[in-house]
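Student: Just the structure for this:
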Amino acid sequence: MDSSVRRRTVGELGVLELEGDVDAESVAAFEACVLDLLAEVPHVVVDLQDTAFVDCRGLSSLLSPSRLARSAGGTLRAAGARPVVTLWFDTLGVRGSLGVDEVGLSAAPSRRVGP
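Tutor: Numbers count the residues shown, from 1 in each chain. The predicted structure is shown next:
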């Protein structure tokens, strides 16, 4: 499955919206986006709502930047993980390290900005 990453920032928060699998084919591009965004903002949320599969390399591409963010006083969290992805994180005991939230960012109420 093809994958894509969309990114945006709101103040000191960066959001990466993933679509497709995070696997050996897509992990290099994903890692580059995460590290670039962490160089710009201290807090990053990775929206996994449209991600069906995360392999070992994909998991590593989330855990390593998460540790990097924490060491710099920031955070990297995952949101919107599908049950199969959450089960994978639970099985490996890393759900707490990533602060996985099963509610996706698109489900959060939006705030109107401006007049």
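Student: Skipping adjacent residues, who's closest to residue 8 in space?
Tutor: Nearest in space to residue 8, with sequence neighbours left out and distances taken as CB to CB, 6 or more residues apart in numbering, is residue 15 at 5.2 Å. Just so you know, the C-beta spots here come from the backbone N, C-alpha and C atoms, and that holds for glycine as well.
Student: The one you found sits in which helix or strand?
Tutor: Here residue 15, judged by DSSP states H and E, is contained in strand 13-19.
Student: where's that strand relative to the chain centroid, distance-wise?
Tutor: 6 Å (CA atoms, centre = their mean, to the nearest Å).
Student: Report the rounded mean pLDDT for that strand.
Tutor: Averaged across strand 13-19, pLDDT comes to 94.
Student: Packing partners of the helix or strand just after it?
Tutor: Counting by DSSP H and E, the element after strand 13-19 in chain order, helix or strand, is helix 27-40. Judged by 3 or more CB pairs under 8 Å, 6 or more residues apart in numbering; DSSP states H and E, helix 27-40 is in contact with strand 4-10, strand 13-19, strand 43-50, helix 56-71.
Student: Show me the contact partners of helix 27-40.
Tutor: Surrounding helix 27-40, the residues in contact under the criterion CB atoms under 8 Å, 6 or more residues apart in numbering are 3, 5, 7, 9, 14, 16, 18, 22, 44, 46, 55, 57-58, 60-62, 64-65, 68-69, 72, 74, 76.
Student: 7 Å instead?
Tutor: Here helix 27-40 makes contact (CB atoms under 7 Å, 6 or more residues apart in numbering) with 5, 7, 9, 14, 16, 18, 22, 44, 57-58, 61, 65, 68-69, 74.
Student: Who are the contact partners of the most centrally placed residue in the chain?
Tutor: Closest to where the C-alpha atoms of the chain average out (CA atoms, centre = their mean) is residue 46, at 2.0 Å. Taking CB under 7 Å, 6+ apart, we find residue 46 in contact with 16, 18, 62, 76, 78.
Student: Please list the residues outside the helix-or-strand element of the chain with minimal mean pLDDT that contact it.
Tutor: Ranked by mean pLDDT, DSSP states H and E, the weakest helix or strand in the chain is helix 95-98, scoring a mean of 84. Applying CB under 7 Å, 6+ apart, the external contacts of helix 95-98 come out as 62-63, 66, 77-78, 86, 89.
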